Structures are given as C-alpha cells and as structure tokens.
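K.L.:
show me how the following folds:
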Amino acid sequence: MFIGIKFMSWILFIYLLVTLCSYGCRARELGGTENKFLEVALEEGHNSSGNIQDHAMDHPNKLGHSAPPKLDTEHNHMDPSLMVFFTLKDLRVGKRMVIHFPKRDPSNSPKFWPKEEADSVPFSSDQLPYLLKLFSFSPNSAQATAMENTLRECESKPIKGEVKFCANSLESMLDFTQSILGVTSELQVLSTLHQTKSSVTFQNYTILETLMEIPAPKMVACHTMPYPYAVFYCHSQESENRVYRVSLAGENGDRVEATVVCHLDTSQWAPSHVSFQVLGITPGTSPVCHFFPADHLIWVPKHQAHGSSSM
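P.N.:
Residues are numbered from 1 along each chain as shown. Presented below is the predicted three-dimensional model:
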C-alpha cells in the first residue's frame, strides 16, 4: 500500500490533465441546451447559490452568501449532505459512521480552459450581462443565477487569516498553490477516489485503514463551483490541521479512498458554523474533521506525508 501511495500524486496529476482540461472548448459550445453545467451541479448537491455547503466546511467564520443546509431540530432530521463531519476521536480503524459522498462523474463536469483562453474572458459580476450573452443564457435562467453567485462568492472578501483565489485554469491553480506552499516545494494533490461504481451517495461506511497522515500547517483546499467552464474556489489558512487518506468500506460493498481534513483548533470559529450543529459541540471543545467530495482537491507539500496504519 505504501508504494501505491507514493505514486498517488502523479496519478492524480494525470487525472487532472486528462479530465479537467479541454483545450478545444469555445464559448459557443457551452451555451444553450448543449451545456449541462447547472443540471449536473443541481443533481449532485450544488445548489443555485454555488457550492457553499462544500467550501463552507473550511470557512470557520463564514458560511457564504447563503447558508448551507441546516438541521431540522423540530423534527430531528438532518440533511444527508451534512453527514461529512466527525471528531478526531472517531478517526480510528473499525469505526462505523454514516457518510454522504456525492457521485460526480468528471466526464459530465465542465472542463478547464487553457489559461490564455480563460484570461481572455471577463470573470467579474460587473460583466455578467456580457457573459450571459456570450454563453447564450437568459438573464432569468437558473444558469444565470448560478454564474452570478459563483462570481460574487469569488469576489467576496476573505475571512481573517485567509488567502483565497478562484482558479479558472489549471495553470492559475498551480500558480496560486505554489505561492502559498512555496515555489520550490514539490506538490502533492489529494482527492477522494471511488474504487467501485455505485449510485449510492449516503450509507454507513467502516474505516478499514489510515493510509496516510499529513501534518498540514500549510495547505490549499480547492472546491468546484458551478460555471460554464471549470472554476475552483481555492483558499488557505495557516492553522493547525491534519490531512488523512482513509480506506473505507460501504455497507453495500463500495470501496473509497477518502481524503479527510481535521482542524485541530476551533476556538476562533463562529458558534453558528454548521459543523457544531451537526456534532453537538461548541468552539474549541474538539477538533473538527470532514470528508472531501471526489471533485475537490487538497494540495500539500509532498515531503510532509508519512506512515500508514491498518487493522
């Protein structure tokens, strides 16, 4: 297993190049009924206000322009998409927990444009009318709403101690990541990998093995946002974190190599953060961990990775 982990960053980098880059795309090919970016986003848990519930996980004091799904305390119900949070003491072999993993097919997702092409198109809410005409979307369409909210989220001010950037090309993502982690650092990219194909998104999983543990005072998290071409909301905060790769087995036989981020100090987080509602804890009382969806990325310096433990 250690040999496989050693080459994981190369496998994922090739995956990025093949599945996220589409150098033949043009705006006219993305417009109208041919473009499925919003339909795919809505089917897989991205609401029309952007991917707020996903990247709000890493925003300790900010829930975005519209809040993520909330607990229904009156009926004791919970939105399944919130079942990604847990505490560090639960990260142990044999632990069984309910987890929500959106199933997102990269072949149906918007592709990265080459940097030169992406940079030639305005990426600003001020230019939204022009962009809607460019992509042949009606101003009153759901696609227009998704684009507007993505642009406004990208333009919003970072929280205290945060550095953020919306990457609209693979090159710009790498440039931002290296500016945070160091231009001389050898980068490692981690993502959740589904090793079996299944339509089940919400079920019990058992932790089989901790494949990797990475102390990560510096890391960059990149989250997909709904847009006609690939846009990732990337951000970083210097704080005490750990990144894990964990082998999971679903009750239906699904196997997942999941990426986990654990935030060790939550004392400065807003009490309203959704993770506290899910876990029934308060700021500073416990580390908060969460699983990452398959199309989200974590970048860390490669040399930090160490060890593995199994049953």
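K.L.:
and the strand ranked longest in the chain, which residues are buried?
P.N.:
If you go by DSSP state E, the chain has its longest strand at strand 202-215. For strand 202-215, the neighbour count (16 or more other CB atoms under 10 Å) marks Gln203, Tyr205, Ile207, Leu208, Glu209, Thr210, Leu211, Met212, Glu213, Ile214 as buried. Where you see a C-beta, it was placed from the backbone N, CA and C, and this is true even at glycine.
K.L.:
same question for stretch 190-202.
P.N.:
Residues of stretch 190-202 classed as buried under the neighbour-count rule (16+ other CB under 10 Å) are Leu190, Ser191, Thr192, Leu193, His194.
K.L.:
distance to Tyr229 added to these, as TSV?
P.N.:
Below are the buried residues of stretch 190-202 laid out as TSV (distance: CB to CB, whole Å):
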residue	distance to Tyr229
Leu190	23
Ser191	19
Thr192	23
Leu193	24
His194	24
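K.L.:
inside strands: which ones of those?
P.N.:
Judged by DSSP E, strands contain the following of these: Leu190, Leu193, His194.
K.L.:
which among the residues you listed gets closest to Pro226?
P.N.:
His194 (21.1 Å; CB to CB).
K.L.:
Cys154: helix or strand, and which one exactly?
P.N.:
helix 142-155 (DSSP states H and E).
K.L.:
which neighbouring elements make contact with the longest strand of the chain?
P.N.:
Using 3 or more CB pairs under 8 Å, 6 or more residues apart in numbering; DSSP states H and E as the contact test, the elements touching strand 202-215 are strand 96-100, strand 241-250, strand 309-310.
K.L.:
what strands line up against the second one, and which way round?
P.N.:
Using DSSP bridges, the strands paired with strand 241-250 in its sheet are strand 202-215 (antiparallel), strand 255-263 (antiparallel).
K.L.:
low-confidence stretches in the stretch 201-311 of the chain?
P.N.:
Applying pLDDT under 70 to the predicted model, the residue ranges of the stretch 201-311 of the chain that meet it are 303-311.
K.L.:
how about the stretch 51-200 of the chain?
P.N.:
Answering for the stretch 51-200 of the chain: the residues below the bar, that is pLDDT under 70, span 51-78, 105-107.
K.L.:
what residues sit buried inside stretch 281-296?
P.N.:
Buried residues in stretch 281-296, counting neighbours by 16+ other CB under 10 Å, are found at 281, 283, 286-296.
K.L.:
next, the distance between the ends of it.
P.N.:
With CA to CA, to the nearest Å as the measure, stretch 281-296 spans 26 Å from end to end.
K.L.:
identify the residues contacting Asn168.
P.N.:
Listed by CB atoms under 8 Å, 6 or more residues apart in numbering, the contact partners of Asn168 are Phe112, Trp113, Ala118, Asp119, Phe123, Tyr227, Tyr229, Ala230, Val231.
K.L.:
and the first one, how far from Ser185?
P.N.:
Read it as Phe112. Distance, Phe112 to Ser185, using CB to CB, to the nearest Å: 22 Å.
K.L.:
which ones among the contacts of Asn168 lie within helices?
P.N.:
Within these, residues falling in helices by DSSP state H are Ala118, Asp119.
K.L.:
need the buried ones from the contacts of Asn168 selected in PyMOL.
P.N.:
With 16+ other CB under 10 Å as the burial test, the buried ones among these are selected in PyMOL as follows:
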select buried, resi 112+113+118+123+227+229+230+231
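K.L.:
excluding its backbone neighbours, what's nearest Ser172?
P.N.:
If you skip the residues right next to it in sequence, Ser172 has Lys115 as its closest partner in space, 6.1 Å away by CB to CB, 6 or more residues apart in numbering.
K.L.:
would you confirm that that neighbour contacts Ala167?
P.N.:
No - with contact taken as CB atoms under 8 Å, Lys115 and Ala167 are classed as non-touching, separated by 9.8 Å.
K.L.:
the more surrounded of the two?
P.N.:
Ala167 (25 against 17; other CB atoms under 10 Å).
K.L.:
what helix or strand is His290 on?
P.N.:
Counting by DSSP H and E, the element that carries His290 is strand 288-291.
K.L.:
nearest residue to Pro158 other than its sequence neighbours?
P.N.:
For Pro158, the nearest residue in space outside its immediate sequence neighbours is Lys164; the separation is 4.6 Å by CB to CB, 6+ apart.
K.L.:
neighbours of the one you found, how many?
P.N.:
Using other CB under 10 Å as the criterion, the residues surrounding Lys164 number 19.
K.L.:
so what strands line up beside the helix or strand where it lies?
P.N.:
In this structure, Lys164 sits in strand 162-167 according to DSSP H and E. Applying DSSP bridges, strand 162-167 is found paired with strand 231-237 (antiparallel).
K.L.:
relative to helix 142-155, how tilted is the strand it pairs with?
P.N.:
Compare the direction of strand 231-237 with that of helix 142-155 by axes from the mean of the first three to the mean of the last three CA atoms, to 10 degrees and you get 20 degrees.
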